[in-house]
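1. Test case, fold it:
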Amino acid sequence: MKKVLAVVAVASLMAAATVAGAASIKNSKHDLSSTGGQTVRGDTNQLCVFCHTPHNAVQNGYPLWNRSNPAGSAFKLYSSSGMQNGYTAGGNAGASTGFTADSVSLYCMSCHDGVTSVGAVYNKPADKLSGITMQGTKADGSLLGTSTANLGTDLQNDHPVNFNVTSNLDPAIAPLSGATMKTSDITNALPLFKSARGNTSLECASCHAVHDPANVPFLRTTIEGSKLCLGCHIK
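-> Next up is the predicted model:
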């Protein structure tokens, strides 16, 4: 009986340690509440409201979304002659034509475009029914131009997104398995998404897990040793 109790006690301690060590969006860079401790923050004590609402959400594709996304045509995306997986079927004939209207990356850009107010939510929180006032931003609530989080609308100098990955088109790119891709360098496969480009569109969320700050900045795996890069690129 004592041995059983000892095993239970050890298991409980391990579970507690796992929970205690789990990454949380609370107090992370995505905690924009007044109590989150971030330079960019609103005057509401609500955390989830900046992106989500439990009722009467904006019906534009994702559940319980509380923001209006910017127009995809406002953006310029990276493209090059070396992209075998390009913006049109058949490879690199496609140009940098902006996001498709259904790109999940536009959810990210509704804050990170440097134009939209971070506090511009559809349903306002109960403690700020008159609207959220932001600190650490421009007067209109959008991200400062000096902020690394402000990606702007010209993304031609950033990793390409919203393009369809075609299996076996480029031998230097990880193979696909359903709507994911990975090399042996990473444990968990990276997700791909459905868009007008195709069913395996690489988006911001392919590399970033917005609710998990364990790997800064919200990466799906560590960047140490370029592990995240090597999760897709065979080098």
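2. ok, Leu202 touching Leu192?
-> Yes: in this structure Leu202 lies within contact range of Leu192 using Cβ atoms under 8 Å: 5.9 Å. (Glycine included, C-beta is placed from N, CA and C.)
3. On the three-state scheme, Gly225 is what?
-> Three-state assignment for Gly225 (DSSP: H, G, I helix; E, B strand; the rest coil): helix.
4. how much space between it and Asp212?
-> 20 Å (Cβ to Cβ, to the nearest Å).
5. Looking at these two, which is more packed in?
-> Each of Gly225 and Asp212 has its neighbours counted (other Cβ atoms under 10 Å); Asp212 has more, 16 against 9.
6. and the more buried one, what pLDDT?
-> In this model, Asp212 is scored at 96, pLDDT.
7. surely it meets His30?
-> No: using Cβ under 8 Å, Asp212 is not in contact with His30; the gap is 9.7 Å.
8. any common contacting residues for these two?
-> When Cβ atoms under 8 Å, 6 or more residues apart in numbering defines a contact, the residues bordering Asp212 and His30 alike are Phe218.
9. Tell me where the chain has strands.
-> 41-42, 76-77, 134-135, 154-155, 163-164, 176-177, 180-181, 190-191, 193-195, 198-202 (DSSP state E).
10. which of these is buried the deepest?
-> Comparing the strands of the chain by mean neighbour count (mean count of other Cβ atoms under 10 Å), strand 41-42 ranks first with a mean of 25.
11. other SSEs contacting it?
-> strand 134-135 (3 or more Cβ pairs under 8 Å, 6 or more residues apart in numbering; DSSP states H and E).
12. Partner strands of the strand it packs on and their direction?
-> Strand 134-135 pairs in its sheet with strand 41-42 (antiparallel), by DSSP bridges.
13. Any chance you could list what contacts the strand it pairs with?
-> 32-34, 50, 118-119, 128, 132-136.
14. give me that answer again for 7 Å
-> 32-34, 119, 132-136 (Cβ atoms under 7 Å, 6 or more residues apart in numbering).
15. Weed out the non-buried ones from those residues.
-> Taking 16 or more other Cβ atoms under 10 Å as the criterion, what is buried in those is 32-34, 119, 132, 134.
16. okay, the residues you listed in a markdown table with distance to Leu64 and pLDDT next?
-> A markdown table is the format used below for these (distance: Cβ to Cβ, whole Å; pLDDT from 0 to 100):
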| residue | distance to Leu64 | pLDDT |
| --- | --- | --- |
| Leu32 | 17 | 98 |
| Ser33 | 17 | 98 |
| Ser34 | 22 | 98 |
| Gly119 | 18 | 97 |
| Ile132 | 18 | 98 |
| Met134 | 22 | 98 |
